[in-house]
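[1] sequence first, predicted model second:
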Amino acid sequence: MAGYVGIDESNHGRVPEIFVAVYSSNLSDIERINELPKRRNKKEIGDILEATDFKHIIISQEYRNLMTDQGMLLVAVSELVNGFSEQNYSIDMVFVDGQVKERTLNEIRKNIKPACNRILFEPNADKTFPVVNLADYIANGLHRHYAHFKNVYDNKKYWDKLITPDIKRYREQLDLLNGR
């Protein structure tokens with residue numbers, strides 16, 4: 001069965017930054033819709049978190065200091081898509097809210113196993129594709145959820161959906177993106 005992944009982040013440029021990937025096998029979740037509203041209903045987020053197949057990464061200040069924005073995209077997209085692939089999800093296409101440089105996209109493609117060459121980065125994809133809109137909603141909800149704790153790692157409720165990347169695995173690619 002065909003599957004799709006939508007990726008977005010919350011708190012862009014500030015920490016903690018939370019990247020979320022949502023998996024869907026529903027074709028209607030990738031149909032282009034003009035101006036999807038951002039959802040921020042606090043009452044239903046708990047039900048959505050329980051019912052949705054998602055994974056997330058928390059970018060701490062320490063990680064932020066080690067990577068550029070393009071480096072964060074490299075690590076986050078690679079890890080999130082591979083997180084689904086490792087559980088034998090079939091991924092036909094990935095939709096990401098934002099922009100990426102061609103070099104970064106090529107490095108992301110090298111990391112995704114099995115290969116998925118259909119990766120679309122698009123500004124405002126969270127307002128266009130339902131699967132990305134849902135990732136945006138969950139990222140915002142998780143950001144609010146973790147904000148209640150002094151340390152985001154104090155609450156283990158969603159740890160089964162948390163990916164903690166080993167960025168040392170990406171050192172050569174991060175250096176390449178930084179021109180080193």
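    In hand now; what should we look at? Numbering: from 1, shown residues only.

[2] list the contacts of the lowest-mean-pLDDT helix or strand in the chain.
    Least confident helix or strand of the chain, by mean pLDDT, DSSP states H and E, is helix 45-51 with a mean of 80. Residues external to helix 45-51 that are found in contact with it (CB atoms under 8 Å, 6 or more residues apart in numbering): L134, Y137, I138, G141, L142, R144, H145, Y158. Glycine gets a C-beta too; all of them are placed from N, C-alpha and C.

[3] next secondary structure after that helix?
    Using DSSP states H and E, the next helix or strand after helix 45-51 towards the C-terminus is strand 54-59.

[4] so which residues of this protein form helices?
    Taking DSSP state H, the helices of the chain run over residues 45-51, 61-66, 69-85, 102-111, 130-147, 171-177.

[5] which one of those helices lies nearest to I91?
    helix 69-85 (6.1 Å; CB to CB).

[6] now that closest one: buried residues?
    Across helix 69-85, burial judged by 16 or more other CB atoms under 10 Å covers 69-85.

[7] could I get the helices of the chain as JSON lines with distance to V96?
    JSON lines is the format used below for the helices of the chain (distance: least, CB to CB, whole Å):
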{"stretch": "helix 45-51", "distance to V96": "20"}
{"stretch": "helix 61-66", "distance to V96": "18"}
{"stretch": "helix 69-85", "distance to V96": "6"}
{"stretch": "helix 102-111", "distance to V96": "9"}
{"stretch": "helix 130-147", "distance to V96": "7"}
{"stretch": "helix 171-177", "distance to V96": "16"}
